[in-house]
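J.: Just the structure for this:
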Amino acid sequence: VFWLPKPWPPAVVVSQDSDKIQKLMEVLAKKLEKVHSISKVNADDYKMMKSLYDHRNTPNLRDDILQFGRGALVAVHLQCPSENAQLCIREIIEDSPSMTAFSTSQSALYKSGLLFGVHVTGQLSPQLVSRA
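T.: Have a look, this model is predicted:
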């Protein structure tokens, strides 16, 4: 296993086998130095990013990734138990910067150095397939 150097876009690994995604996350967290890990984020229950109307302390994946600092290597284990969850993660796994209504270029989430391990229950949506 190796990590591609920047400026590579984020890597997205999609599987319907939860054990494979879990094992990938474990290997990355244990074997590679300087790789931060965020595990088992259920996209049905956890916000991917804040909306303009959310309280500033609203927990969300975008801020969880940003806490490690710009340019950090981060492996994220996303769980998608429904088609709606697959739709919720579309923007976060794209290679373009994640901007919110109130973000600037300084606070944008640039996604080079990120790896998303996505466990999907059920049928893969065309939107997710196009980003994997």
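J.: in the protein, what spans have low per-residue confidence?
T.: 1-9, 95, 97, 99-106, 132 (pLDDT under 70).
J.: what ranges do the helices span in it?
T.: Taking DSSP state H, the helices of the chain run over residues 18-31, 61-66, 83-88, 90-93, 126-129.
J.: what packs against the first one?
T.: Under the contact criterion of 3 or more CB pairs under 8 Å, 6 or more residues apart in numbering; DSSP states H and E, helix 18-31 touches strand 11-15, strand 35-42, strand 73-80, strand 114-120. Yep, even glycine has a C-beta here, placed from its N, CA and C like the rest.
J.: Can you add mean neighbour count and give those strands back as CSV?
T.: Formatted as CSV, the helices and strands packed on helix 18-31 follow (neighbours: other CB atoms under 10 Å):
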stretch, mean neighbour count
strand 11-15, 17
strand 35-42, 17
strand 73-80, 23
strand 114-120, 24
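J.: Just give the nearest non-adjacent residue to Asn84, would you?
T.: Computed as CB to CB, 6 or more residues apart in numbering, the closest residue to Asn84 that is not its neighbour in sequence is Asp44, at 6.6 Å.
J.: Based on its surroundings, how many neighbours for that neighbour?
T.: Look at Asp44: counted by other CB atoms under 10 Å, it has 12 neighbours.
J.: Present the helices and strands packed on helix 18-31 as CSV; the columns should include distance to Ile21.
T.: As requested, the helices and strands packed on helix 18-31 are arranged in CSV below (distance: least, CB to CB, whole Å):
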stretch, distance to Ile21
strand 11-15, 5
strand 35-42, 10
strand 73-80, 6
strand 114-120, 4
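J.: Relative to Ala43, how far out is the residue lying farthest from the centre of the chain?
T.: Most distant residue from the mean C-alpha position of the chain: Tyr53, 22.3 Å away (CA atoms, centre = their mean). Noted for Tyr53: a distance of 20 Å to Ala43, by CB to CB, to the nearest Å.
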